[in-house]
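Visitor: mind folding the following:
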Amino acid sequence: MNGPPLSVRAAAAAQRRFLVHTFGSALLLFACYAALATRLLPAGGEAQDQWQDNLMRAQWYAHHSATYSVVVTGSSMAARAANEELPEGFYNLAMSGGGALTGMEIVARSRSVPRMVLVEADDTLSRPADARLIDPLFQPVSFRLRSWVPVLGDAYQPVSVALRLVRQYMPGGGVHPLAAPPALFDEMVAVQKAAQEKLPDPENVDEWLRSLAAATQRLESRGVVVAFFETPVAPLLGDSPSRRYVRTALVERFPPQHHLWLPRATADESETTDGMHLSPAAGRKFARFLAAEVARVLPNAPVAVAQ
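Guide: Next up is the predicted model:
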């Protein structure tokens, strides 16, 4: 046999060249995108939704843990403490829709630990560590790939990059939380106040207190200082029966004689968008408050401790 006809061999060779050229072009385009995106946006793009925002925060911290000496953990309320107002060496790992236990678990599983972890101390601690977010984050293969090629992270998805560029380079770009109209604001605060009149189930509180104690001990065993703080809310909600109950339970389990508590910051109605979440301006103010309090109790902190 003399093999396939010349025309068949020529067609096969042409097909191989086409595949090689296509792959090479795709690789070149990806390399150009990666170089341009990481140069223009070293911290990545804009989250498209709440889940992606949490994922981007988690991925960034997991791959840059050695950079930070102080980490903020908590819920969407603590997430309003603007990262851009926090000093160098601070990172806000608070998760919208989640709680401090998720951030504490991410810190504990990271290669380096900070000098201090700030824990939002309220009923959002009833939300367990989010395994759906944490387990894939530390999956060995994908973790190494993101370490080698940062543009593979969620922060560099093309839509996220485009959203960030719009916000960064176009006046008024991006989405900013707005305060509700007065009537709607009063209604939202009234709903929150009614909900917080009911005390939480003591058994549930005991359960998440045990989880918090275990997470705290795990961090402290690695030399981390764990400090508790409360996020400011509207005055009508700050001392609701539910918040007082949770505050008392936390202080009894983590007494100030043995655990670090930051002073309570305050806010008025005009500084929240719905009674519970700080406005952008108040979030920047609260970030500066946290930084000042940390500087007072933890001066000259080293950046991080490799383990």
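
Visitor: where does the nearest residue to Pro263 once chain neighbours are set aside land in three-state SS?
Guide: Leaving aside its sequence neighbours, Pro263 sits nearest to Glu293 (C-beta to C-beta, 6 or more residues apart in numbering; 6.5 Å). Quick note: C-beta positions are derived from backbone N, CA and C, even for glycine. For Glu293, the secondary structure call by DSSP: H, G, I helix; E, B strand; the rest coil comes out as helix.

Visitor: just the strands in the stretch 51-200 of the chain please.
Guide: Taking DSSP state E, counting those that start in this stretch, the strands of the stretch 51-200 of the chain run over residues 70-73, 90-92, 112-114, 116-120.

Visitor: could you do the stretch 201-307 of the chain as well?
Guide: Using DSSP E, counting those that start in this stretch, strands in the stretch 201-307 of the chain cover 225-229, 260-261, 304-306.

Visitor: which of the ones you listed sits closest to Ala194?
Guide: In terms of C-beta to C-beta, the element of those nearest to Ala194 is strand 225-229, at 26.0 Å.

Visitor: just how off-centre is the closest one within its chain?
Guide: 17 Å (C-alpha atoms, centre = their mean, to the nearest Å).

Visitor: ok, stretch 69-81 next?
Guide: Distance of stretch 69-81 from its chain centroid, counting by C-alpha atoms, centre = their mean, is 7 Å.

Visitor: just give the closest residue to the most centrally placed residue in the chain, not the sequence neighbours.
Guide: What sits nearest the mean C-alpha location of the chain, by C-alpha atoms, centre = their mean, is Leu93, with 3.3 Å. Nearest non-adjacent residue to Leu93, counting by C-beta to C-beta, 6+ apart: Gly103, 4.2 Å away.

Visitor: wait, doesn't that neighbour sit right on Met95?
Guide: Yes. With contact defined as C-beta atoms under 8 Å, Gly103 and Met95 form a contacting pair (6.3 Å).

Visitor: overlap of the contact sets of these two?
Guide: Taking C-beta atoms under 8 Å, 6 or more residues apart in numbering as the contact rule, Gly103 and Met95 both touch Gly74.

Visitor: out of these two, which sits in the more crowded spot?
Guide: Taking neighbours as other C-beta atoms under 10 Å, Gly103 and Met95 compare with Gly103 leading, 33 against 30.

Visitor: let me know the pLDDT of the more buried one.
Guide: Gly103 carries a pLDDT value of 97.

Visitor: likewise for the one 5 residues further on?
Guide: Ala108 is assigned a pLDDT of 96 by the prediction.

Visitor: likewise for Ala295?
Guide: If you check Ala295, the pLDDT there is 90.

Visitor: repeat that for Leu178.
Guide: 58.

Visitor: count the neighbours of Ser147 for me.
Guide: Neighbour number of Ser147 under other C-beta under 10 Å is 12.

Visitor: again with Glu271
Guide: Quick note: Glu271 (other C-beta under 10 Å) scores 18 neighbours.

Visitor: my read: Arg253 touches Ala213, true?
Guide: Yes. With contact defined as C-beta under 8 Å, Arg253 counts as touching Ala213 (6.7 Å).

Visitor: neighbour count winner among the two?
Guide: Using other C-beta under 10 Å, the more surrounded residue of Arg253 and Ala213 is Arg253, with 15 against 12.

Visitor: ok, the more buried one to Ser240 distance?
Guide: For Arg253, the distance to Ser240 (C-beta to C-beta, to the nearest Å) stands at 20 Å.

Visitor: again, but for Glu46
Guide: Counting by C-beta to C-beta, the gap from Glu46 to Ser240 is 34 Å.
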